[in-house]
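Participant: Compute the structure for the input listed below.
(chains A, B, C and D)
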2 protein chains.
Amino acid sequence: MKPFDTHTKLLDVAEKLFAKNGFKGTSLRVITQEAGVNLAAVNYHFGSKERLIREVFRRRVGPVNQRRLEKLDRIEEKANIEGRNPELREILDAFIEPPIQLMNHPSGKAIMRLFSRLIIESKKEIAELFIDQFAEVVERFLQAFHRALPQFSQSELSWKMHFMIGAMAHAMAEPFRLKFLSQGLCDPSDVQATITRLIDFCQAGFLAPVSNPDSAEEA
Amino acid sequence: MKPFDTHTKLLDVAEKLFAKNGFKGTSLRVITQEAGVNLAAVNYHFGSKERLIREVFRRRVGPVNQRRLEKLDRIEEKANIEGRNPELREILDAFIEPPIQLMNHPSGKAIMRLFSRLIIESKKEIAELFIDQFAEVVERFLQAFHRALPQFSQSELSWKMHFMIGAMAHAMAEPFRLKFLSQGLCDPSDVQATITRLIDFCQAGFLAPVSNPDSAEEA
DNA sequence: TACGAATTCAAACAAACGTTTGATTGAATT
DNA sequence: AATTCAATCAAACGTTTGTTTGAATTCGTA
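Facilitator: Numbers count the residues shown, from 1 in each chain, chains lettered A, B, ... in the order given. Predicted coordinates:
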């Protein structure tokens, strides 16, 4: 296995360009050119452009969700031993920290934008990949939230999780937007600051009582 | 002015298709075909595809931001008369309600997805349009937040606003994601429920104290 | 060294893209 | 009735797209 074989080189370059210009906006020609390989390499190694897209995702999403579940495992184990429920803040950290931590990765910025594109992209095949990769995570964390906040129904917690995912995705995908908002005051590349503030914000959001219990669905 | 002249028909159809498949993913051929007009109509009426995109945005974003500012005006006026500062919840409502209210519009779903695409899209020209349309809104609301929450610095409020925008954009663009999260329990098309819950969540987030004041930037 | 499989390569493919053209229409103006 | 001009149309433009092909090359292994 060469240090920079064509296969991984393609994944790396595609990841960067997909993040920057989207999928339709990135042609196989610029990918292969920037990677310094032949145009036909994509179809040889991956079969098609769409399968390349899926591979780019799978390589990054899997490990992050794995880390989320590992952290949640450890939290629940520890809480179990101490005979208590996991604390909300611990659960939030397990959900938020692993993806944001990608900022420290060499291609962190691209990976994070890619993550948000995965959340946002509407294409059927991508949406299916999303469900595959996140079904277990969603289930486990909703469960954890419900134990930490038994006063809220499953559906209310889904709303809160919905908002949290949005805040995360936006913070990950559009760091420069924060620069614009704050007129240069804030530094979106500060990993720990981003994580801490996200958790602060979402923790309060999760704890917030719901105004109108009338239109609440069941759980 | 015919009831369905080519110009508005193109804007309507383009809006719908851009929202569903993105800009690169939507060809002029499918737009004109679905609109029942000639392929050349886009270049005749708008000059180019890119200018069509900009027109599609301008038509929707302008009025919403105008409503936001009107609501903020009224809130500040009323508070001024009563000799107090506007309340956080009022400000949040002025920022959140107008765009979410679009769900009641006939093409509400498309418009909302379009809004989020505007926030997310990285293309230079779109980003500039974003800044043009939002500069005043951002400035006015940051100011208002600062008066309502003087304990937080400008930069801390920017972080919070950053997260709020993410939660909004996600809730607007990906309502079906909430269906998935809640396994069908929640109804993302309930306008008032979405607004109320968003405000609840963000209100708490704004009020939340910041954990680590060390890495805080200045204001 | 020689063989077979894996990989890379230039070249070409059909299809789809945004855009332009020049003729044609149809309603308003003179 | 003649003129004008905005609007629409079919057709074609030159690129760019993802994909395929078949020969050339490289590599691991015997």
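
Participant: Spell out which residues of chain A are next to DNA strand D.
Facilitator: Contact residues (C-beta under 7 Å from any atom of the strand) of chain A with DNA strand D: A:26, A:27, A:28, A:29, A:30, A:39, A:40, A:42, A:43, A:48, A:49, A:50. (Glycine included, C-beta is placed from N, CA and C.)

Participant: Let's see that with 10 Å instead.
Facilitator: Along chain A, the residues adjacent to DNA strand D under the rule C-beta under 10 Å from any atom of the strand are A:1-2, A:21, A:23-33, A:38-44, A:46-53.

Participant: Just name whatever secondary elements the worst-scoring helix or strand of chain A on mean pLDDT is in contact with.
Facilitator: Every helix and strand of chain A was ranked by mean pLDDT, DSSP states H and E. The lowest is helix A:108-120, at a mean of 83. Using 3 or more C-beta pairs under 8 Å, 6 or more residues apart in numbering or on different chains; DSSP states H and E, the elements in contact with helix A:108-120 are helix A:6-21, helix A:49-81, helix A:88-101, helix A:124-148, helix A:154-173, helix B:108-120.

Participant: that older thread, so which of the residues of chain A next to DNA strand D also contact chain B?
Facilitator: Filtering the residues of chain A next to DNA strand D for proximity to chain B by C-beta under 8 Å from any C-beta of the partner chain leaves A:21, A:24, A:25.

Participant: what's the closest of those residues to DNA strand C?
Facilitator: Using C-beta to the nearest atom of the strand, residue A:24 is the member of these that sits closest to DNA strand C, with 9.2 Å.

Participant: Could you list the low-pLDDT ranges of chain A?
Facilitator: Applying pLDDT under 70 to chain A picks out residues A:1-4, A:122, A:212-219.

Participant: can you list the residues of it near DNA strand C?
Facilitator: Contacts of chain A with DNA strand C, taken as C-beta under 10 Å from any atom of the strand, map to A:1-2, A:4-7, A:9-10, A:24, A:28-29, A:32, A:35-45.

Participant: Of these, which belong to strands?
Facilitator: Nothing among these maps onto strands, per DSSP state E.

Participant: Now, of the residues you listed, which are buried?
Facilitator: Buried residues within the residues of chain A next to DNA strand C, counting neighbours by 16 or more other C-beta atoms under 10 Å in any protein chain shown: A:6, A:7, A:9, A:10, A:28, A:32, A:35, A:37, A:41, A:42, A:45.

Participant: Quick check: residue A:47 vs residue A:12, distance?
Facilitator: Counting by C-beta to C-beta, to the nearest Å, the gap from residue A:47 to residue A:12 is 19 Å.

Participant: And the two? Which one has more around it.
Facilitator: Neighbour count, other C-beta atoms under 10 Å in any protein chain shown: between residue A:47 and residue A:12, residue A:12 has more, with 18 against 11.

Participant: Am I right that that one is in contact with residue A:107?
Facilitator: Yes. Using C-beta atoms under 8 Å, residue A:12 is in contact with residue A:107, at 6.8 Å.

Participant: Now residue A:38: phi and psi?
Facilitator: Taking degrees, to the nearest 10, you get phi -70, psi 150 for the backbone angles of residue A:38.

Participant: Leaving out chain neighbours, which residue sits closest to residue A:114?
Facilitator: Counting by C-beta to C-beta, 6 or more residues apart in numbering or on different chains, residue A:114 lies nearest to residue A:19, which is 4.8 Å off, once chain neighbours are set aside.

Participant: Give the full set of residues in contact with the spatially closest residue to residue A:25 that is not a sequence neighbour.
Facilitator: Among residues not flanking residue A:25 along the chain, residue B:24 sits closest, at 4.9 Å (C-beta to C-beta, 6+ apart). Applying C-beta atoms under 8 Å, 6 or more residues apart in numbering or on different chains to residue B:24 gives the contacts A:22, A:24, A:25.

Participant: which among these gets closest to residue A:176?
Facilitator: Relative to residue A:176, the closest of the contacts of residue B:24 is residue A:22; by C-beta to C-beta it sits at 16.4 Å.

Participant: distance of the nearest residue to that closest one once chain neighbours are set aside from residue A:198?
Facilitator: Nearest non-adjacent residue to residue A:22, counting by C-beta to C-beta, 6+ apart: residue B:24, 6.4 Å away. Applying C-beta to C-beta, the value for residue B:24 to residue A:198 is 30 Å.

Participant: what does residue A:189 give?
Facilitator: Separation of residue A:189 from residue A:198 (C-beta to C-beta) stands at 14 Å.

Participant: So those two - more neighbours on which side?
Facilitator: residue A:198 (26 against 13).

Participant: Not counting its neighbours along the chain, what's nearest the more buried one?
Facilitator: Nearest non-adjacent residue to residue A:198, counting by C-beta to C-beta, 6+ apart: residue A:96, 5.3 Å away.

Participant: Distance check, that neighbour against residue B:96.
Facilitator: Taking C-beta to C-beta, one finds residue A:96 at 22 Å from residue B:96.

Participant: again, but for residue A:106
Facilitator: Applying C-beta to C-beta to residue A:106 and residue B:96 gives a distance of 37 Å.

Participant: Just want to know which of these two has more residues nearby.
Facilitator: Counted by other C-beta under 10 Å, residue A:106 and residue B:96 do not tie: residue B:96 has more neighbours, with 23 against 8.

Participant: quick one on the thing from earlier: would you mind giving both backbone torsions of the residue nearest to residue A:22?
Facilitator: phi -70, psi -30.

Participant: For the spatially closest residue to residue A:100 that is not a sequence neighbour, give me its contacts.
Facilitator: With sequence-adjacent residues excluded and distances taken as C-beta to C-beta, 6+ apart, residue A:100 is closest to residue A:195, at 5.0 Å. Residue A:195 is in contact with A:93, A:96, A:97, A:100, A:101, counting by C-beta under 8 Å, 6+ apart.

Participant: Distance of the third one relative to residue B:135?
Facilitator: Here the criterion is C-beta to C-beta. By it, residue A:97 lies 33 Å from residue B:135.

Participant: Between these two, point out the one with more neighbours.
Facilitator: Shown here are residue A:97 and residue B:135; by other C-beta under 10 Å, residue A:97 has more neighbours (19 against 12).

Participant: From residue A:207, how far off is the more buried one?
Facilitator: Separation of residue A:97 from residue A:207 (C-beta to C-beta): 19 Å.

Participant: if we can go back for a sec, return the closest of the contacts of residue B:24 with respect to residue A:130.
Facilitator: Nearest member of these to residue A:130, counting by C-beta to C-beta, is residue A:22, at 16.2 Å.

Participant: so the closest one sits right up against residue B:117, yeah?
Facilitator: No. The pair residue A:22 / residue B:117 is not scored as a contact, 10.5 Å apart, by C-beta under 8 Å.
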